[in-house]
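Undergrad: Take this sequence and fold it.
(one chain, ligands or ions: 2)
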Amino acid sequence: MRNPKTFFRPLAVGAPAPVREVPFRPSRMLHFFDPSNAKMVAKLPDLASKVDVLLGNLEDAVQAVNKDAARAGLVDVARTVDLGGTQLWTRINSLDSPWALDDLTTLVTEIGNELDVIMVPKVEGPEDIHYVDRLLAQLEVKGGVRKPLLVHAILETASGVAQVEEIALASPRMQGISLGPADLGADRRMKTTRAGGGHPWYLVREDPVDSDVHAPRATYLQDVYHYTIGRMVDACVQAGIYPYYGPFGDIGDVVACEDQFRNAYLMGCVGTWSLHPVQIDIARRVFSPDVSEVAWARRVVDAMGDGTGAVMIDGKMQDDASVKMCRVTLDLAAELAERDPELKELYGL
Ligand SMILES: CC(C)(COP(=O)(O)OP(=O)(O)OC[C@H]1O[C@@H](n2cnc3c(N)ncnc32)[C@H](O)[C@@H]1OP(=O)(O)O)[C@@H](O)C(=O)NCCC(=O)NCCSC(=O)C[C@](C)(O)C(=O)O
Ligand SMILES: [Mg+2]
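TA: Ligands and ions are numbered 1, 2, ... in the order given. Below is the predicted model:
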């Protein structure tokens, strides 16, 4: 564990000073694209105006023969495509792969000033973040990078989940953590073949009437990743960084995708991944506070004056804690309205 007294010291002479607070920037959807796929790249100028983050994916879903092309393609995108104010992130290959070192070396030295966040997959523990942390500092010096690159971990190993709190606190570069349900499922030997979402067999059943266990009975679906998401949210919040859902692989099931995203939003996640253009609007809708919630939150805050005491509004008790909850919604609405003029108008800001 790093000494708290030197935690914010750059890890290489001449590297930019690490941030003391990770700024909140709207990142409702991290939109994945394969930089070696010309069709996807051609859509980026248009997508840039619709998403908060474009993420050039170099890892899984990019064929092994295309790894070099994807890396070179991302350099090209960063240099030539006008993304406006949209953030550019990348997901590098896993640290045990033959490509990770070249990914980091090339990206940081060539486009380190254009990249915002580097997502590291299959993080096993804080030691993986420490390795990336030092290497990034060295590469930032070499590449003349002016602002420190931030790091985002994917929670997709049992070891990573068991050490999620240490991962979240491993470096001032830590920006956030996403759930990686497919690799996590495989690593844990869970018996599901779905990339994210629920499972129809993971359920509880109501008690039988008159001991007739074979009569039809209501069943209630549970979420196989609920525990992991809850733990990830707490780990992130205690570290001052941001939790995200992850992929929803059933692209055609836009309804279940919306449910899954909303559960994550309600549990505290600030965004999710979009793997296909059809998921972009779902993420925007879900991770932007509902207009009626914003109006209600404003009513409560207005009625509570200095924020202390208790009042009754529409039969519901409000006190100091409810004001805090309402402020979470109002603060998020204000932060998103800065980026999204449509929301600004809807929220009346
Ligand atoms: C699923 C796929 C193959 C369907 O791709 P498709 O071409 O078959 O679909 P389509 O419906 O026919 O596509 C319609 C149009 O949209 C385009 N398109 C389609 N997707 C995108 C995109 N993302 N960005 C920009 N454009 C896109 C596509 O090129 C096409 O363009 P066209 O109309 O001109 O022909 C495709 O959407 C895709 O490759 N998406 C990204 C997949 C990906 O990145 N997966 C990795 C993240 S999940 C993960 O890694 C797991 C995790 C966390 O690690 C763990 O749980 O362990
Ligand atoms: Mg994975």
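
Undergrad: Every contact and neighbour count from this point should use C-alpha atoms.
TA: Will do.

Undergrad: burial of Val237, as a residue count?
TA: Applying other C-alpha atoms under 10 Å, we find 16 other residues in the vicinity of Val237.

Undergrad: So it lies in a helix, does it not?
TA: Yes - checked against DSSP: H, G, I helix; E, B strand; the rest coil, Val237 lies within a helix.

Undergrad: Give the full set of residues in contact with it.
TA: By C-alpha atoms under 8 Å, 6 or more residues apart in numbering, the contact set of Val237 is Pro243.

Undergrad: who in the stretch 151-300 of the chain is up against ligand 1?
TA: Glu156, Gly180, Pro181, Ala182, Asp183, Ala195, Gly246, Pro247, Leu275, His276, Pro277 (C-alpha under 6 Å from any ligand atom).

Undergrad: Near ligand 1, which residues of the stretch 1-150 of the chain? Just list them.
TA: When proximity is defined by C-alpha under 6 Å from any ligand atom, the stretch 1-150 of the chain lies next to ligand 1 at Phe32, Phe33, Lys39, Met40, Lys43, Asp60, Ala61.

Undergrad: switch to 8 Å and redo it
TA: 31-34, 37, 39-41, 43-44, 47, 57, 59-62, 121-122 (C-alpha under 8 Å from any ligand atom).

Undergrad: Okay, buried residues for the host helix or strand of Glu127 please.
TA: Assigned by DSSP states H and E, Glu127 belongs to helix 126-143. Within helix 126-143, the residues that count as buried by 16 or more other C-alpha atoms under 10 Å are 126, 128-130, 132-133, 135-141, 143.

Undergrad: Please tabulate these in a markdown table, including the columns pLDDT.
TA: Shown next, in a markdown table, are those (pLDDT from 0 to 100):
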| residue | pLDDT |
| --- | --- |
| Pro126 | 98 |
| Asp128 | 98 |
| Ile129 | 98 |
| His130 | 97 |
| Val132 | 98 |
| Asp133 | 98 |
| Leu135 | 98 |
| Leu136 | 98 |
| Ala137 | 98 |
| Gln138 | 98 |
| Leu139 | 98 |
| Glu140 | 98 |
| Val141 | 98 |
| Gly143 | 98 |
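
Undergrad: Can you tell me which of those residues lies closest to Gln163?
TA: Pro126 (7.6 Å; C-alpha to C-alpha).
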